[in-house]
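Peer 1: here's a sequence, model it:
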Amino acid sequence: MHDMDKRICKRASFRKPVEFELSAIVVAPRGTSPMRKGHGIDISSTGMGLETDFRPEKGSMLKLLVPLSGSDIKMPVFAQVQWVVAAGVAYRAGLQFLA
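Peer 2: Below is the predicted model:
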């Protein structure tokens, strides 16, 4: 289980759909898109909680397309998966933004 006490920045609720692309290290199965969808749970200046039906691997890099408030623009942000847990039929993941 992940250790919530490791958080150094306060997180705010972030209940928005988020698209993400698998890193170049992971090859999408033939005939499928490398793009996946999920929902943001919370966000801070250093990371984000994500819920998705795709199980990302701990340590993998993701390219997130994060929607900006009050806009149709989606900002590309790279993040590394820090932890993953099953949440019913979905997965919850803790992501750390990369500079």
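
Peer 1: and the longest strand along the chain, what does it pack against?
Peer 2: When the chain is parsed with DSSP state E, its longest strand is strand 74-87. The contact analysis (3 or more CB pairs under 8 Å, 6 or more residues apart in numbering; DSSP states H and E) places strand 74-87 against strand 47-52, strand 61-67, strand 90-97. C-betas here are computed from N, CA, C, even on glycine.

Peer 1: and if we set it to 6 Å?
Peer 2: Here strand 74-87 touches strand 61-67, strand 90-97, going by 3 or more CB pairs under 6 Å, 6 or more residues apart in numbering; DSSP states H and E.

Peer 1: lowest average pLDDT across these?
Peer 2: Of all those, mean pLDDT reaches its minimum on strand 61-67 (a mean of 89).

Peer 1: dump that one to PDB, keeping only the CA atoms.
Peer 2: C-alpha atoms of strand 61-67 as PDB (Å, rounded to 0.1, in the frame of the first residue of the first chain):
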ATOM      1  CA  MET A  61       6.300   7.400 -17.500                       C
ATOM      2  CA  LEU A  62       3.000   8.800 -18.700                       C
ATOM      3  CA  LYS A  63       2.200  11.900 -20.900                       C
ATOM      4  CA  LEU A  64      -0.900  13.400 -19.400                       C
ATOM      5  CA  LEU A  65      -3.200  15.700 -21.200                       C
ATOM      6  CA  VAL A  66      -4.600  17.800 -18.300                       C
ATOM      7  CA  PRO A  67      -7.600  20.100 -19.000                       C
END
